[in-house]
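predicted model, plus sequence, below.
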Amino acid sequence: MRYSKGFKFSILKKILPPDERSVTEVSRETGVSTATIYHWLKVLQDGKLEEDDSELRPGDRSPKEKLRLLLEGKGLPEDLLGEWLRENGLHSEHLNSYEQELRDIVTDKNEKYLEENRRLKKEKQTLEKELRRKEKALAEMAALLTLKKKASEIWGDDEDD
């Protein structure tokens, strides 16, 4: 997957001073592998990763990152929200769009689970019906075999006929 320079720098900002968070923690939070983050650090130290003015666009964030930002933003009082939004390169409408996106994701997954559940119930009913039919056929065959044995005991085997 290709990442924008703005996204790379937003990840690296979390690792470098003043935040100095661990690579593993940032990797879990953003969904970017630790190997990729270490590679970006090496490229940055070699001076080959140049920062440009393009910031991380709000749509470039992962659903996990959007949820984290949404929860952080919703928990802030109004007087601190503006500063927090500027620090994260967001506008207040981004939080609303993140909320709608996440709501849609949850709704879609819920519908998929319900559809899968319906399909599995129908398949279960079909299999149970088939099993009952086969059990009846097996019971019938067992009864016929028993009758055949009793008949051969009573009248004897007529294999010579």
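Nice, thanks for sending it over.

tell me which residue lies nearest the centroid of this structure.
Note on the chain: the residue nearest the mean C-alpha position is residue 109, at 8.8 Å, using Cα atoms, centre = their mean.

please report how far that one lies from residue 22.
For residue 109, the distance to residue 22 (Cβ to Cβ, to the nearest Å) stands at 30 Å. (Glycine included, C-beta is placed from N, CA and C.)

over to residue 112?
For residue 112, the distance to residue 22 equals 35 Å [Cβ to Cβ].

and residue 154, by the same measure?
86 Å.

so where's the chain shaky on pLDDT?
1-2, 4, 49-60, 158-161 (pLDDT under 70).

determine the longest helix present in it.
helix 92-155 (DSSP state H).

surely residue 26 is in contact with residue 15?
Yes - in this structure residue 26 lies within contact range of residue 15 using Cβ atoms under 8 Å: 5.8 Å.

and for the two, which residues touch both?
Taking Cβ atoms under 8 Å, 6 or more residues apart in numbering as the criterion, residue 26 and residue 15 both touch residue 37.
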